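A.B. asks: Sequence first, predicted coordinates after that:
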Amino acid sequence: MTFPDLNKFFEPRSIVVIGASNIIGKWGFTVPLNILTGGYRGRLHLINPRERIVLGLRAFPHLQFIPGEIDLAILTIPAEQVEESIRLCGRRGIPFALVISSNFAEVGKEGEEREQRLVQVAREAGIRMVGPNTMGFFSCPNRLSAMGAPFRPQRGEMGLVSQSGNLGLQLIGRGMDEGVGISRFVGSGNEADLTTADFIEFLGRDPQTKVIALYLEGIKDGRRFFETARRVSREKPIIVLKTGKTEVGARAARSHSAAIVNDAEVVATAFRQGGVIEVNTTDEVIDVARALLHLPIPGGDQVGIMTMGGGWGVVTAEVCAREGLNIPELPERLRNYFDSLLPPFWSRGNPVDLVGTARRRLQFEVIEKMIQAPEFDFLIIMGVIAGAVYSGWDVFKRFFVSVYNFVRNHFSAALVFPPTLILGIRKSLKKSRKERQTRQIKTTGGIDLSEIRDWNDKVLARRVKEMMVRYRKPIITISGSRDQLPGLARKYDLIVYDTPERASRVGARVASYGVFRKRDLPGTDIEINPDRVSQVKTLIQEFPGLIPERVAKEILALYGIPVTREKLVRSPEEAVQAARGIGYPVVLKVESPQVVHKTEAGGVKLGLDFDPAVREGFENIIRSVEQYDPHAQIRGVLVQEMVRGGVEVFAGVSRDPSFGPVLAFGLGGIFVEVLKDISLRLPPITPEEALAMITSLRGFPLLSGARGKAKTDVLKAVEILTQLSTLSLELKDLVAEIDINPLILFGEGEGAKAVDARMIRKD
Ligand code: ADP
Ligand code: MG
């Protein structure tokens, strides 16, 4: 796969704006103004055929008059003039054009044609194009704001690609609220030429970018997107917010950025397999980006939860479970240790509920023991950071305020109170000393006064961070107080959330990425076996369109997929001979290019077990098919071994217009047709992924021996899916669709057999 080097686009030494204007509010005014005021240090040229001075700069009437090399042309002229302008840019040797102009594919048929012509012209002119229909881009390291909105982003480490300019701006703004800055932003618009995949590739290599975020309405050339994203996300996380999944959304997206409508299931599959972190809201984009920028990546999805109170723990555990995280049991050795440490009413499980134990050193002892444990990949802790009742000097402030209020309201008690207080303080100091000596706490009542001095939010934050660094596992914290959050988070560079839901969701996204990074992946290319390909070519030569069962099975056999024994015959006598050769009982099936569903046409006879039945079956099939379709051309009748026992499943390859070949697996019949219980994957897949594909089916228990059913040979199914994966890529230019329905799975260790297969040739 080849990618253009987008360095000259993001860091051009000189830019020309074609369509620069003095009229305030026009794109030709705003864009160059933003470039000028943004601090761009390269050369900026302006083109306007009538005005001599634009924005205080000398304007040229024509590209020819501009001296020196130009790296980037920005077009803000009407759509009808874009083609000609691109041609001139090509002649001038400009490598990149940002086409801000709209009125292309997003407006319907005429615009679509205009866009196609434009792509053609750009190709001929040797220009790579961003847009059309875009608001522009930011490149923060070189302070380039080539945007149609007066907005100054904060510099940071998130690279953002958005098919919508204003959504991009919203994400940038939200990021600024949360302290997540931008490295580069590009509004990719209609993506007529350069697509998201090209930008992912660039951002993947860009040392200024640590995390990539995408807003997508439609994915063009999904296969290329998938392959690029999967490779890049091994190194750098990619977060995506994808719309256009509902019919209404798709319609809106189409008129907005000419987005193509993707199959939602296929897109979800591509994201999952590509390690792309899918989120559902704009807030979540920023939450996850921030977490990925500040936390170590967890090595798995096992979460340990520590809480200061029950409800918090329950909600967190529940959201974590719903988001697919694992909440393992607290290991025995930890339980015993915590027993020796904590008051008797602690939860004795995960979530570890300290039931209000306010001793900092105990809290941190628990946190440290948990994060050390190999059973946990990361922690969510609640009520420690900015739980803030017993933290630092804040305590005294609160204390004096309460004393003041008390005295004001109960003046008579004012005399008794101070001595009581002194007594109280003495008692707690004594208690603290004793606790320290025995390393044990018998009740949680009261606080350890000696801790107040040593533990404020800053210290707490430092301790949490130290532990993350030492054990390379993330700790996500939850605080009850919303107003303290942004300050705290930024000041101490911590990940703190205001609700358990938010924290758990982020935890789940980050963990699934961690799991992806640890998985072995096959390359996205496979080694092609040219002999096999040419064998298939010869086999399918005479079949345009539908490739018949017999030939489809020959192809499957070339890939090691077991099929039934069978023979094509043309008369009842031949059928009897074949049946004797194969062995009774047999199955007869019609072979006709017009009959796609053989049963429907009366073209299948099962379980024939003696000569006359075969003769009669042959004649019946011919009669039924002729009745079903008088024009059907009958090539003959297939005599086939009758397979007994086993469970019928279905395996196939369909073709997505954007993502190319898609593997599918499911239980046959109603499971596929009514319940839509189907697993999808983009090839190639490893055996591990093939297994996951099978076990993730809702109906999987029917294959694994549930309710007294026999266990089936799942491992054979894994092998067949892996072979089908190779086949789908090796033959991707020859075969468009494959349907093995049914594939019969026998008992454990007994194999499987394809009893029906259908392929559609690709033209
Ligand atoms: P179609 O799908 O075109 O109607 P099939 O070849 O799949 O035709 O046959 C219909 C059904 O007959 C299959 O779903 C399967 O249940 C059964 N069947 C077909 N061939 C065999 C065979 N060789 N052994 C056992 N059952 C078979
Ligand atoms: Mg069938």
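C.D. replies: Perfect, thanks for sending it. Ligands and ions are numbered 1, 2, ... in the order given.

A.B. asks: list the contacts for Ile670?
C.D. replies: By C-beta atoms under 8 Å, 6 or more residues apart in numbering, the contact set of Ile670 is empty. (Glycine included, C-beta is placed from N, CA and C.)

A.B. asks: Identify the residues contacting the residue in the stretch 651-763 of the chain positioned nearest to ligand 2.
C.D. replies: Proximity of the stretch 651-763 of the chain to ligand 2 (C-beta to the ion) peaks at Asp756, 3.6 Å away. Applying C-beta under 8 Å, 6+ apart to Asp756 gives the contacts 549, 598, 740-742.

A.B. asks: if I look at the closest residue to Ile297 other than its chain neighbours, how far off is ligand 2?
C.D. replies: Spatial nearest neighbour of Ile297, chain neighbours left out: Gly514 (4.8 Å); criterion: C-beta to C-beta, 6 or more residues apart in numbering. According to C-beta to the ion, to the nearest Å, Gly514 and ligand 2 sit 42 Å apart.

A.B. asks: Scan the contacts of Asp756 and report the most crowded one.
C.D. replies: Using other C-beta atoms under 10 Å as the neighbour test, the contacts of Asp756 are led by Ile740, with 27 neighbours.

A.B. asks: elements contacting the longest helix anywhere in the chain?
C.D. replies: Longest among the helix segments of the chain by residue count, using DSSP state H, is helix 417-438. Packing contacts for helix 417-438, counted by 3 or more C-beta pairs under 8 Å, 6 or more residues apart in numbering; DSSP states H and E, involve helix 394-409, helix 449-452.

A.B. asks: hmm, try it at 7 Å
C.D. replies: For helix 417-438, the elements it packs on are helix 449-452, judged by 3 or more C-beta pairs under 7 Å, 6 or more residues apart in numbering; DSSP states H and E.

A.B. asks: any idea of the mean pLDDT for the helix it packs on?
C.D. replies: Averaging pLDDT along helix 449-452 gives 64.

A.B. asks: Stretch 151-165 too?
C.D. replies: Mean predicted confidence for stretch 151-165 is 95.

A.B. asks: now it: how far from the chain's centre is it?
C.D. replies: Relative to its parent chain, stretch 151-165 has a centroid offset of 20 Å by C-alpha atoms, centre = their mean, to the nearest Å.

A.B. asks: Then stretch 77-89?
C.D. replies: 37 Å.

A.B. asks: And for stretch 29-40?
C.D. replies: 35 Å.

A.B. asks: show me what contacts the residue in the stretch 1-150 of the chain that ligand 2 sits nearest to?
C.D. replies: Nearest residue of the stretch 1-150 of the chain to ligand 2: Met1, at 36.8 Å (C-beta to the ion). Residues in contact with Met1 (C-beta atoms under 7 Å, 6 or more residues apart in numbering) are 224, 227.

A.B. asks: Quick check, pLDDT for Gly514.
C.D. replies: 95.

A.B. asks: Check which helix or strand it maps to.
C.D. replies: helix 500-518 (DSSP states H and E).

A.B. asks: cool, His45 as well?
C.D. replies: Using DSSP H and E, His45 falls in strand 43-47.

A.B. asks: I'd like to know which elements that strand is packed against.
C.D. replies: With contacts defined as 3+ C-beta pairs under 7 Å, 6+ apart, strand 43-47 has these neighbours: strand 14-18, helix 27-38, strand 57-60.

A.B. asks: Phi and psi next, for the nearest residue to Ala557 once chain neighbours are set aside.
C.D. replies: Counting by C-beta to C-beta, 6+ apart, Ala557 lies nearest to Val563, which is 5.4 Å off, once chain neighbours are set aside. Phi and psi for Val563, reported as degrees, to the nearest 10, are phi -130, psi 170.
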